[in-house]
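Sequence and predicted structure are below.
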Amino acid sequence: MVKVNILDHPLIQHKLTQIRQKDTSTTQFRQMINEIGGLMVYEITRDLPLEQIEIETPVAKTKANVIAGKKMVVVPILRAGLGMVDGILQMIPSARIGHIGIFRDEETLQPVEYFAKFPEELDQRDIFIVDPMLATGGSAIAAINSIKQRGAKNIKLVCLVGAPEGVKAINEAHPDVTVYLASLDEKLNEKGYIVPGLGDAGDRIFGTK
Ligand SMILES: O=P(O)(O)OC[C@H]1O[C@H](OP(=O)(O)OP(=O)(O)O)[C@H](O)[C@@H]1O
Ligand SMILES: O=c1cc[nH]c(=O)[nH]1
Ligand SMILES: [Mg+2]
């Protein structure tokens, strides 16, 4: 049994169906992947801790809620994760952004890291790693390893579509990381693509194929 949270909000599910379709244009794909990213993070942050601060309205002084703690960090796994960032920033404009560049070798399916740059004090921040696709899990595990090496402790992995193989791999390698998906699909095919999936997310976002 894999441990995963499926975000089944109707708006998320409806938009996911649109982007799965092979005739969806690059423009529509790009727009909706951002919208889904924003909606997913909206759902996931429902339980964020709040603290009270003193404010003054035009009428009176009062105490009011703000999100507690340091600014959270969104870490897209390049390239495809970039497609979710603008949508997430619409929900959390003050979020910091870390970047990690990882591609999957098409023959071996092994992750190759080529870039990393993160905000400071990762150990004190909530971190959302975002990538539309969780296939074998190799890229996400490499990203989590890299971020943990820099001190991060509180990590959530947010993907649109996942395969059972990928979720299992994350559960085993990083049991402390909570996984969120819009859909847990059926399986991987012989080329390591998610079935039914949505194809190559990076190519569909950036129009490279
Ligand atoms: O779970 P895995 O088996 O590691 O596969 C998933 C990874 O593959 C895709 O990236 P890709 O390598 O196509 O790079 P790109 O985003 O630059 O297109 C996807 O965006 C994930 O990062
Ligand atoms: O189905 C898949 C698997 C890996 N990467 C993708 O973009 N799509
Ligand atoms: Mg790709």
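Perfect, thanks for sending it. What you see is a predicted model; the values in this text were computed from it and never measured. Numbers count the residues shown, from 1 in each chain. Ligands and ions are numbered 1, 2, ... in the order given.

only C-alpha atoms for contact and neighbour calcs from this point on.
Noted.

Which parts of the chain are helices?
Applying DSSP state H to the chain gives helices spanning 10-20, 26-44, 85-91, 138-149, 164-173, 201-206.

Make TSV out of those and add mean neighbour count, distance to I67 and mean pLDDT.
Shown next, in TSV, are the helices of the chain (neighbours: other C-alpha atoms under 10 Å; distance: least, C-alpha to C-alpha, whole Å; pLDDT from 0 to 100):
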stretch	mean neighbour count	distance to I67	mean pLDDT
helix 10-20	16	24	98
helix 26-44	20	13	98
helix 85-91	19	13	98
helix 138-149	19	23	98
helix 164-173	19	28	98
helix 201-206	19	32	98
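
Identify whichever of those lies nearest to ligand 2.
Using C-alpha to the nearest ligand atom as the measure, helix 201-206 is the one of the helices of the chain that comes nearest ligand 2, at 4.0 Å.

Enumerate the residues of this structure near ligand 1.
77-80, 103-104, 109, 111, 131-139, 166, 201-203 (C-alpha under 6 Å from any ligand atom).

Take these and keep only those in strands.
I77, L78, F103, R104, P111, M133, L134 (DSSP state E).

Could you dump these into CSV and include neighbour count and pLDDT?
Listed next are those as CSV, based on neighbours: other C-alpha atoms under 10 Å; pLDDT from 0 to 100:
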residue, neighbour count, pLDDT
I77, 26, 98
L78, 20, 98
F103, 18, 95
R104, 14, 94
P111, 20, 97
M133, 28, 98
L134, 28, 98
